[in-house]
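**Student:** Just the structure for this:
(3 chains)
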Amino acid sequence: MRGDRSAWARGLDTVKRLAVAAVGVVGLIQAAGAADTMSPAMASLLAAAKSEGQINFSWGGSTLSGGDGVRRFEAGFNKFYGTATHFNYTPGLSFPAQAQKLGEEKAAGQKAFMDIGLAGPGQVDFFLKSGLLMPMDWAPLLPNVPPSVLKAITSENGSLIAFISRPTAFDYNTNLVPPAEAPKSLKELLDPKWKGKIATTPYAAGFLQLAVDPQWGQEKAIDYAKKFALNLVGFMRCGENDRLTSGEFAIFSLECEPERVIQLREQGAPVTSIIPQDAQEITYWWVGVPKNAENPNMAKLFIAWLLTPDGQTVLYQNQGADLHLLPGSHSAKLFADAQKASGTTFDDQNLQRMLSVNVPQVESAVAKIFREQH
Amino acid sequence: MDVVAERLTKRFTGPHGTVIDALRAVDLVINRGEFFVLVGDSGSGKTTLMRCVAGLEEPDGGSIVLRDRTVFSSAKGVSVPPQDRGIGMVFQSYAIWPHLTVYENVALPLRYGRNKTGKLEVDRRVREALRLVGLEALADRPAPHLSGGQQQRVALARGIAVSSTLLLMDEPMSNLDARLREEVRTQIRAVTRHYGTTVLYVTHDQVEAMSLADRMALMRGGEILQSGTPQELYERSMSREIAEFFGPMNFLAGKGESRDAVDTKLGRVAVAGHACHGAATLGIRPEHVRLGADARSGVNVFTGRIKDCVFLGAAKIYQIEIGGMDFRVDSFEAFQVGDVVQIGLPPDRIRVFPA
Amino acid sequence: MGRYARFDRLLIFVAASLPPAVVLVLLAVTFWTSLVTGTPRLGAALTLQNYAAVYGDPFTYGALLNTVWFAGLTACVAMAFGVPIAWLAERTDLPAKPLLFAAMVIGLVMPTFLVGMGWVLMLHPRIGFLNIWLRELSGASQITVNIASIPGMGFVEGLSLAPLGFIMTAAAFRAMNPMLEDAAQVHGLGRVAIFRRVTLPLAAPALVAAAIYIFIIGVGAFDVPAVIGLANRIYTFSTLIYVKAMNPDNGVIDYGIPAAVGALMLALAVVLTVWYGRYLRASSRYQQISGRGYQPRLIALGRWRFGAWGFCAFYLALSIGLPLLLVTWASLLPFLQPPSIRALKLLSLAQFRNQDWELIARGARNTAALMLLVPTVTVFLAVPIAWVIVRSRSRARFLYEFLVFLPQAMPAMIFGLAALLAALFVLKGVVPLYGTIWLIAIVYIVERMTFCSRVMNNALLQIHHELDEAAYTGGLSLLDVLRRIIVPLMLPSILGVWLWSALISFRELTIAAVLFGRESVTLPVVVWNLWTAGGMGRSGAVTLIMLGFMLPLVLFYWAVAGRRYL
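**Tutor:** Sure, this is the predicted structure:
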């Protein structure tokens, strides 16, 4: 009899129905991962990409974990879309050199040597002004990114979109720098006791961020550079971490990819990376598709995947960082902790901010100072 | 006429801008079957002339006709390269190819040259040439294992095999020792006579030249000073310079008095033939000067004293002082140093040169 | 001239003209680039801005001074080791000579930047092992041998170039007429006096030529100045170009700057090439054209042979042994650290296992292709070039000689950049060379030709011109003479030069790094990229794998060509 059922039984029923519904919802959500490809824009993009069948990448061998990283990207990407795309990777050039090469190829009417353009803070100006990259409307391809976030991470015409964020940092060798004396701010690096022990990059990596930061500004950054140069002993590139672990250099400032140094530390290397107390910035890397790319559709598809939770997971595995603005981000936690500890808000150096400074001028001025000032 | 060269000129510009006229409008005629020798010091132009005939140098002007075929003419703009001239050549360094055997050295031009011949014919000609020079037994010996003389013979065989009609030889004996030279000289004559080859032979050694040549020419400074038979060049040299080249000669300065006499420091000397009026130089070969009793029976007798004597076995070379001058006399007669002797100068042996 | 003879000669000249033509194109591109700003394009305005930027900068002159100093020291060190070892190898009865030759050849094949890195580890003022031990042994804390200085850099580069000095002077010692020394001995000169007053002066032109050659390489060297100098802000021209090019004023890397620097180096190159050519001619005059096979009498070393081998072993330890040891050490560790107990616990073969084998295979394929193609074409073209320079008596032969030798005086980087620009902008419609292995091959051929041509010219000089003439008068055409007389007689040199080119093509880095594309990445580029990215561990492992491939070739080299070539 209908009415005879106890409240318990009725409650159980409800639970059962809810469970089924929940499973259904979960199933739907899971399918939604693949169902993303079902939106018309995505569907046509996927079809176009499949006809291309491969994608070309070439960046420095430590960036994004080089060849190993590309293989993980390949596996994750193919699993997500159910494709069998071949990811071609050749270890190659630094960011400025890559940008340069893309520019040359475009000017010479050649196909681009790689299907995406990578921009660090120093290349934003170049890419935006040169018109090398395709204007894009990312919204239909990134349904899981909130519109406000999307606006913050893309350039006006969508040619550049951020995919990873990190703080400004410097590194030191923990054997050579005892914890008691460990510097915590950029100002402390000016101390004469560090003379002859500090290396930096020949392309003034990181100093652009100081010029953009309202706490610093261009003049103060250049002034700092002049004083900093007195303690410099020489150059190494981001990624030449051996020179730090071996003790050839005691301190490396400023670092491009602090998260990689942290990965090394976790392997037992005597190095660590520090967010300076007086230079608290969030900087990004951006990506776009060159107009003369060989496989443009594949590139767009890849970027779209990169910004999904799946893609960001693989990204974090490769690089040790991801985009902190996306839900579930590891880097978000890093920034949250750091900001809580220092009680300040980090300077968010997004695209608009990067355009507020004359990038080439600052970089070449600082590089010249480092080169010549002894 | 096998070789006719007309008005050949050749100028070389050295690395520092120095200019050398190696050939100055030289004419040359060699008859068929003739053994013609070009003789002269180094730098005389003889090698250049030969190389022009071979086609290894290109003259600046003139013409060369080989057996009625114009191989070079500056006027007509003809210049046939060496490989098309059909000449055999023997080089001073022998130019034996070290990576080949004796047989292969002689065979190479026949196998791969302009006129490629069939295997059988090649073999026949090579073996014949080797037989003629006496090297048939060494046919399979690698070239570097040969002695100098043997290499020379291979070079000769090769030259003959390529062309038994016209052969050029560039100082082929200068690297051989004296005894070998004798042998080789005989062999060359034998081989070339066998075929009736026309030969153009270049040497700096006047004795060698005279012993081989049917006709010869003396070159100096890019010009032919005199050409003719060896006898003509030796006995009827046209100038003191030419005479001296072919052997020692005694000279006496003088003044032509009349057709038959020349006044000299020693006195009046009778000469046969045309004496020139005015200053002249008399010349007489050491072997023509008479000594002792022999002298007294002739004319132009002078007295002198023996200063020095070089004993050569049968012959002796005397240095005789007469009237303050030294005369060299080659004689079979025996005298002592210090002896006073008479010398006689037969008029028909005296050459009269312009001063 | 006969119709066919003219055709033969034309063919030879055309073949001989190919490398000089490439050189001219690259020179033209370099000059043009130095006169425009931004990327070179047709119709770009010509300006002297780049020159002003380079020559107006006092920094440039500091770098120039450093470069000359560095190159000079390189030549001194290279000759200081190379000449005595060459003399020991050629004029004494030193035991186990084949071993010595093989070792010297291995020295050539070691990538220079790894040698540089090894020396940093050994003689870094702070962390260098040798410095630490030196201080401990002597008790003085002041003693430091600082590798991070121009003398230090010159030392390292000189060490790696000593095999070159060895090979070039060994040839000179061998070619000397022993009768000249015999004459001295008969007249009472002792061994030392003979060496000082007869042997050395006779060999002097060849020695000077070798020293100039090495000096020129030092001027253009990039590896050691990049590894050691850059890390300590000591600039030579090549590294100055590199850093300046990375930080342009208008955001785009301007090749105009490197090109303007290249133009200066070209002027230097012209002077050096002419000077070098003069010594080359002088040295060939002293060489005996031996058809009679004079064997130089070997000096008996007796007790001294231990000392002699000690010297050779010392050199080999410095140039091969220690760096190899360090590379091996690095390749067995996850990250580089000085030797310690802790480090020993971390040793493993992980770096060898976790390699990107696909990439290595790709690099190996390309390198192998270059090792076959480049020497073959180089040798094939070197014969006509030798004929033009040595035999043709053409007035143009000096121009050929000059253009063929010029690349050796230009830094490889400038040439690479010029080739890159030529492929990108000049040739794009005509011949698609950009990013291909063919582009690298062409530049390699032109670069290898400088040394190969020198050797082949010498070899042809040794062949008496009458050997050719005997063939001409025998009826052979020019091509036949080359084929049947000249090439067979030059075969030992040809073989040696082929193997030499193969070895150098194997290890060449600078040009490949500039020109490589996706499909044309070479093994040294893979190693270099791994090093700049992942450290000595990964790249050390690949280097050892690379050297493993090389060993059979090296052994083949000394077994077959070894002494005969030299």
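**Student:** Got the confidence number for the residue in the stretch 151-300 of chain A positioned nearest to chain C?
**Tutor:** In the stretch 151-300 of chain A, no residue comes nearer to chain C than residue A:242, which is 3.6 Å away by Cβ to the nearest Cβ. In short, each C-beta sits where N, CA and C put it, glycine included. Model confidence at residue A:242, given as pLDDT, is 81.
**Student:** wait, doesn't it sit right on residue C:540?
**Tutor:** No. At 9.8 Å, residue A:242 and residue C:540 do not qualify as touching, with contact defined as Cβ atoms under 8 Å.
**Student:** overlap in contacts of the two?
**Tutor:** residue C:330 (Cβ atoms under 8 Å, 6 or more residues apart in numbering or on different chains).
**Student:** need the helices for the stretch 451-566 of chain C, in chain order.
**Tutor:** Ranges of helices in the stretch 451-566 of chain C, per DSSP state H, counting those that start in this stretch, are C:465-473, C:478-481, C:487-507, C:510-515, C:523-534, C:536-556, C:562-565.
**Student:** got those as JSON lines, with mean pLDDT, mean neighbour count and distance to chain B columns?
**Tutor:** Shown next, in JSON lines, are the helices of the stretch 451-566 of chain C (pLDDT from 0 to 100; neighbours: other Cβ atoms under 10 Å in any protein chain shown; distance: least, Cβ to the nearest Cβ, whole Å):
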{"stretch": "helix C:465-473", "mean pLDDT": "91", "mean neighbour count": "23", "distance to chain B": "4"}
{"stretch": "helix C:478-481", "mean pLDDT": "91", "mean neighbour count": "21", "distance to chain B": "5"}
{"stretch": "helix C:487-507", "mean pLDDT": "86", "mean neighbour count": "21", "distance to chain B": "5"}
{"stretch": "helix C:510-515", "mean pLDDT": "84", "mean neighbour count": "24", "distance to chain B": "37"}
{"stretch": "helix C:523-534", "mean pLDDT": "77", "mean neighbour count": "26", "distance to chain B": "38"}
{"stretch": "helix C:536-556", "mean pLDDT": "79", "mean neighbour count": "20", "distance to chain B": "23"}
{"stretch": "helix C:562-565", "mean pLDDT": "50", "mean neighbour count": "16", "distance to chain B": "14"}
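**Student:** can you tell which of the ones you listed is closest to residue C:455?
**Tutor:** Distances from residue C:455 to each of the helices of the stretch 451-566 of chain C were compared using Cβ to Cβ; the shortest belongs to helix C:487-507, at 5.2 Å.
**Student:** would you put the C-alpha positions of that closest one in PDB?
**Tutor:** Listed in PDB are the C-alpha atoms of helix C:487-507, where the atom choice follows Å, rounded to 0.1, in the frame of the first residue of the first chain:
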ATOM      1  CA  VAL C 487      93.800  11.700 -58.700                       C
ATOM      2  CA  PRO C 488      95.500   8.300 -58.400                       C
ATOM      3  CA  LEU C 489      98.700  10.000 -57.300                       C
ATOM      4  CA  MET C 490      96.800  12.200 -54.800                       C
ATOM      5  CA  LEU C 491      94.900   9.300 -53.400                       C
ATOM      6  CA  PRO C 492      96.600   9.200 -50.000                       C
ATOM      7  CA  SER C 493      95.900  12.900 -49.400                       C
ATOM      8  CA  ILE C 494      92.300  12.500 -50.800                       C
ATOM      9  CA  LEU C 495      91.600   9.800 -48.400                       C
ATOM     10  CA  GLY C 496      93.100  11.600 -45.400                       C
ATOM     11  CA  VAL C 497      91.200  14.800 -46.300                       C
ATOM     12  CA  TRP C 498      87.900  12.900 -46.700                       C
ATOM     13  CA  LEU C 499      88.200  11.300 -43.200                       C
ATOM     14  CA  TRP C 500      89.300  14.600 -41.700                       C
ATOM     15  CA  SER C 501      86.300  16.400 -43.200                       C
ATOM     16  CA  ALA C 502      84.100  13.700 -41.900                       C
ATOM     17  CA  LEU C 503      85.400  14.100 -38.400                       C
ATOM     18  CA  ILE C 504      85.100  17.800 -38.300                       C
ATOM     19  CA  SER C 505      81.600  17.600 -39.800                       C
ATOM     20  CA  PHE C 506      80.700  15.300 -37.100                       C
ATOM     21  CA  ARG C 507      81.600  17.700 -34.300                       C
END
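**Student:** just checking, what packs against it?
**Tutor:** With contacts defined as 3 or more Cβ pairs under 8 Å, 6 or more residues apart in numbering or on different chains; DSSP states H and E, the secondary structure elements packing on helix C:487-507 are helix C:97-109, helix C:357-386, helix C:437-462, helix C:523-534, helix C:536-556, helix C:562-565.
**Student:** show me what contacts residue A:226?
**Tutor:** Taking Cβ under 8 Å, 6+ apart as the definition of contact, the neighbours of residue A:226 are A:369, A:373.
**Student:** ok, then the element right after the one helix or strand it maps to?
**Tutor:** Assigned by DSSP states H and E, residue A:226 belongs to helix A:218-229. Elements were assigned by DSSP H and E; along the chain past helix A:218-229, the next helix or strand is strand A:232-235.
**Student:** Output the helix or strand that that next one is followed by as PDB, nothing but the C-alphas.
**Tutor:** Scanning the chain past strand A:232-235 towards its C-terminal end, the next helix or strand to appear is helix A:242-245 (assignment: DSSP H and E). The C-alpha trace of helix A:242-245 is given here as PDB (Å, rounded to 0.1, in the frame of the first residue of the first chain):
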ATOM      1  CA  ASP A 242      73.900  23.100 -13.300                       C
ATOM      2  CA  ARG A 243      75.900  26.200 -12.800                       C
ATOM      3  CA  LEU A 244      74.000  26.900  -9.700                       C
ATOM      4  CA  THR A 245      74.000  23.400  -8.300                       C
END
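**Student:** Output the helices of the stretch 451-566 of chain C as CSV; include the columns distance to residue A:139.
**Tutor:** Listed next are the helices of the stretch 451-566 of chain C as CSV, based on distance: least, Cβ to Cβ, whole Å:
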stretch, distance to residue A:139
helix C:465-473, 79
helix C:478-481, 71
helix C:487-507, 52
helix C:510-515, 41
helix C:523-534, 35
helix C:536-556, 41
helix C:562-565, 69
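**Student:** Does the residue in chain B that chain A sits nearest to belong to a helix, a strand or coil?
**Tutor:** In chain B, the residue found nearest to chain A is residue B:15; the distance is 46.9 Å by Cβ to the nearest Cβ. Residue B:15 carries the three-state label coil when classified by DSSP: H, G, I helix; E, B strand; the rest coil.
**Student:** coming back round to it: nearest approach to residue C:197 belongs to which of the helices and strands packed on helix C:487-507?
**Tutor:** Between residue C:197 and the helices and strands packed on helix C:487-507, the tightest spacing by Cβ to Cβ is seen for helix C:437-462, at 25.3 Å.
**Student:** what helices or strands is the closest one leaning on?
**Tutor:** Based on contacts counted as 3+ Cβ pairs under 8 Å, 6+ apart, the elements that helix C:437-462 packs against are helix C:3-34, helix C:256-285, helix C:357-386, helix C:397-409, helix C:412-421, helix C:487-507, helix C:510-515.
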